[in-house]
Structures are given as structure tokens and as C-alpha cells.
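A.B. asks: Return a 3D structure for these sequence lines:
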Amino acid sequence: REETKGNGFVIPLKATMPAPWQKEELAQWYLELLQNLPQDLFTMLTQRFGQQRAREFWLIFNAQTPSGKTWFGIHFALKNAVQGKKHLPFKASHIEEWVLKALPVLTFNKERLMPRSGANQSLLGKKVMLV
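C.D. replies: Numbering: from 1, shown residues only. Here you go, the predicted model:
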């Protein structure tokens with residue numbers, strides 16, 4: 001069996017900030033998101049996931065917005081010149097070794113898929129048994 005190539009984490013947010021327009025601003029935006037996390041969540045994040053070392057990480061964030069729950073992500077990949085594996089960056093001095101890329105995240109749920117597939121909404125609460 002092949003080993004996984006990286007680590008992914010889902011982080012719930014209480015409030016969101018407008019996303020940056022330029023990819024060069026993504027690192028600073030990520031650091032500001034971390035600063036705005038509740039202290040207990042940030043402590044848990046650093047204690048549980050700060051010990052893991054990898055060449056890439058996926059952080060998926062979700063937040064409640066007026067239009068529903070919004071999901072977005074950031075992919076962290078070590079620059080080619082960096083040797084070995086590193087911890088998930090939590091400080092500006094550590095983020096320089098990483099390439100950050102914004103990710104669109106689409107959830108896989110009934111509410112999103114049923115209208116797009118042409119399914120009847122009245123069947124949403126029904127259960128089906130396959131024999």
C-alpha cells in the first residue's frame with residue numbers, strides 16, 4: 001500500500017475576512033486567519049498538528065455566511081530547494097519555505113447534488129433500500 005503524500009485538516013472559523021486578490025497576499029491572509037482563531041482552537045491546532053512533518057499540507061476552512069456554509073482551502077507545498085519534511089507553518093518566519101495555493105472546495109451533499117441532477121426535491125427526506 002502506498003503511504004499518503006500529505007496531511008489535511010478542517011478548521012472551523014467563527015468569522016471570515018475577505019479573500020486576497022493576489023496570490024502573493026495569501027500567506028499574510030493565512031497568518032491573519034490564524035491570529036483571529038479562538039485561543040483554544042489555535043492551541044489545539046498547534047499541539048495536535050504542529051508535531052506532524054510533511055512535504056505538503058491541505059488546510060480546509062469553513063465558516064457560516066449569510067448564504068450558508070462556505071468552504072475554502074489552502075494547499076501548502078514545500079519549495080523544491082527545501083530538503084526533508086517540515087511542520088505546518090504557524091509563523092511568518094516559517095512560511096517562507098512554503099508555496100501556498102488557494103483551493104476551491106465543493107461539498108458533496110444531497111442539498112447540492114439533487115437539484116443539479118434533476119432529482120425531485122420531495123424525495124429529499126425519503127430513505128431507499130437497495131436489494
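
A.B. asks: only C-alpha atoms for contact and neighbour calcs from this point on.
C.D. replies: Fine.

A.B. asks: and residue 76, how far is that from residue 65?
C.D. replies: Taking CA to CA, to the nearest Å as the measure, residue 76 falls 25 Å from residue 65.

A.B. asks: Show me which of these two is the more surrounded one.
C.D. replies: residue 76 (25 against 11; other CA atoms under 10 Å).

A.B. asks: Moving C-terminal from the helix or strand harbouring that one, which element do we reach first?
C.D. replies: Residue 76 is part of strand 68-78 when elements are defined by DSSP states H and E. Next in sequence after strand 68-78, counting helices and strands by DSSP H and E, comes strand 86-87.

A.B. asks: Moving C-terminal from that following strand, which element do we reach first?
C.D. replies: That would be, after strand 86-87 and using DSSP H and E, helix 92-95.

A.B. asks: Would you mark the buried spots in the very next helix or strand once past that next one?
C.D. replies: Per DSSP H and E, the first helix or strand lying C-terminal to helix 92-95 is strand 98-104. Neighbour counts using 16 or more other CA atoms under 10 Å place 98-102 of strand 98-104 among the buried residues.

A.B. asks: centre of the chain versus strand 98-104, how much separation?
C.D. replies: Centre-to-centre, strand 98-104 and its host chain are 10 Å apart (CA atoms, centre = their mean, to the nearest Å).

A.B. asks: Restricting to C-alpha, output it in PDB.
C.D. replies: The C-alpha trace of strand 98-104 is given here as PDB (Å, rounded to 0.1, in the frame of the first residue of the first chain):
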ATOM      1  CA  TRP A  98       6.300  27.000   1.500                       C
ATOM      2  CA  VAL A  99       4.300  27.600  -1.700                       C
ATOM      3  CA  LEU A 100       0.700  28.400  -0.900                       C
ATOM      4  CA  LYS A 101      -2.200  27.800  -3.300                       C
ATOM      5  CA  ALA A 102      -5.800  28.700  -2.800                       C
ATOM      6  CA  LEU A 103      -8.300  25.800  -3.300                       C
ATOM      7  CA  PRO A 104     -11.900  25.900  -4.200                       C
END
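
A.B. asks: Sheet-wise, list the partners of it with their directions.
C.D. replies: strand 68-78 (antiparallel) (DSSP bridges).
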